[in-house]
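1. for reference, the sequence and a predicted model appear below.
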Number of protein chains: 2
Amino acid sequence: MSREALTSILMSSTHTTAAASASNAAHDNADTLAVAHAAFGHFTHGLATGDWEPFLAMVTDDFSFFFPMGEYQGAHTGRDKARAFFAYVRSAFPDGLTVTLDRVMSNANTVVFEFRDEGVFRGAPYRNRVAVSFDIRGGRIAQYREYFGSDGKSY
Amino acid sequence: MSREALTSILMSSTHTTAAASASNAAHDNADTLAVAHAAFGHFTHGLATGDWEPFLAMVTDDFSFFFPMGEYQGAHTGRDKARAFFAYVRSAFPDGLTVTLDRVMSNANTVVFEFRDEGVFRGAPYRNRVAVSFDIRGGRIAQYREYFGSDGKSY
């Protein structure tokens, strides 16, 4: 049986079945995941190179973000604020950060990436465990929240 | 068409279709989510009351966990180590922590809970943004990783 035939059967059912709901949810997640993976690619590119424009091109006009500590601890709004924040990140890690992605979890609107990053911070080895959570709206990143799993000195 | 009939059609297809794969993935996630939600209920119960035994009853024999800072920063293994850690958490928050769950994201094996917690730490108001990531294996929690999104003083 073709995929199209199955989809037709699933969608034409008068009553919404659990299978159809699961299929729809999986489809929504697939779209959300595709956008989030593209954005995460730009995010790691930014961490590695300091070039954040590809990531910033994917955020909504009302984009907001949360950062766990330091000068930018708390909530911030707007692409310009994000650009200033990423310049601050670059100033802290002028040689960039290398990311190792461990896991990706999602629901219909949000995708979480668990990763480790590594670099040099003020002349000393830097290692952290990080989770970033991206909210997707209209094919763009509407908000991201960053969480630290370690102290920057070890995994 | 009944759910059973649809499932039969999906599962009897000679070739694995995209729809069937999506349905299987959603089913796997549903099982993983159910276990993780039960464990998270016990986790918040532990934070609120200091009674961690229901949570500890759900971990695997080789359970391990990561904590971001302080005396328990880093990786730890075993139910007894976890029990000692949770006693340490209770000693830091003898009046407990109240959790507000914001989002749940998953894949087939792992579920992330994003929440805020609130309590009193050494006589001062405590607020944090937290992500905990639970790996599920055989209906139990095999590992959990905790991430902090704020500084304990504000969201």
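-> Here it is on my side, so go on. Numbering: from 1, shown residues only, chains lettered A, B, ... in the order given.

2. where do the strands of chain A begin and end?
-> A:59-67, A:74-77, A:97-106, A:110-121, A:124-137, A:140-148 (DSSP state E).

3. for B:Ala142, find the nearest of these.
-> strand A:97-106 (13.0 Å; CB to CB). Yep, even glycine has a C-beta here, placed from its N, CA and C like the rest.

4. got the buried residues for that closest one?
-> Residues of strand A:97-106 classed as buried by neighbour count (16 or more other CB atoms under 10 Å in any protein chain shown): A:Leu97, A:Val99, A:Arg103, A:Val104, A:Met105, A:Ser106.

5. list the residues that contact the residue lying closest to the fifth one once chain neighbours are set aside.
-> With CB to CB, 6 or more residues apart in numbering or on different chains as the criterion, A:Met105 has its nearest non-adjacent residue at 4.0 Å, and that residue is B:Met105. If a contact means CB atoms under 8 Å, 6 or more residues apart in numbering or on different chains, then B:Met105 has A:Met105, A:Ser106, A:Asn107, A:Thr110, A:Val111, A:Val112, A:Ser133, B:Val111, B:Val112, B:Glu114 as its contacts.

6. possible to save the residues you listed as TSV with pLDDT?
-> Formatted as TSV, the contacts of B:Met105 follow (pLDDT from 0 to 100):
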residue	pLDDT
A:Met105	97
A:Ser106	97
A:Asn107	96
A:Thr110	98
A:Val111	98
A:Val112	98
A:Ser133	98
B:Val111	98
B:Val112	98
B:Glu114	98
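
7. next, the buried residues of stretch A:33-43.
-> Neighbour-count burial for stretch A:33-43 [16+ other CB under 10 Å]: A:Leu33, A:Val35, A:Ala36, A:Ala39, A:Phe40, A:His42, A:Phe43.

8. burial count for A:Arg129?
-> A:Arg129 is flanked by 25 other residues according to other CB atoms under 10 Å in any protein chain shown.

9. give me the pLDDT for the residue nearest to it when sequence neighbours are not counted.
-> In space, and not counting its chain neighbours, A:Arg129 is closest to A:Gly149: 3.2 Å by CB to CB, 6+ apart. For A:Gly149, the pLDDT comes out at 98.

10. burial count for A:Gly149?
-> 24.

11. report the contact partners of it.
-> By CB under 8 Å, 6+ apart, the neighbours of A:Gly149 are A:Glu114, A:Asn128, A:Arg129, A:Val130, A:Ala131, B:Phe66, B:Pro68, B:Arg145, B:Glu146, B:Tyr147, B:Phe148.

12. repeat for A:Arg122
-> A:Ala92.

13. and the one 5 residues further on, by the same measure?
-> Contacts were defined as CB under 8 Å, 6+ apart; by that measure A:Arg127 touches A:Arg116, A:Asp117, A:Glu118, A:Ser150, A:Gly152, A:Lys153, A:Ser154, A:Tyr155.

14. same thing but 10 Å
-> When contacts are counted by CB atoms under 10 Å, 6 or more residues apart in numbering or on different chains, A:Arg127 touches A:Leu97, A:Arg116, A:Asp117, A:Glu118, A:Gly119, A:Phe121, A:Ser150, A:Asp151, A:Gly152, A:Lys153, A:Ser154, A:Tyr155.

15. the residues you listed: which ones sit near chain B?
-> For chain B, the contacts drawn from the contacts of A:Arg127 by CB under 10 Å from any CB of the partner chain are A:Ser150, A:Asp151, A:Lys153, A:Ser154, A:Tyr155.

16. among these, which ones are buried?
-> Buried among these (16+ other CB under 10 Å): A:Ser150.
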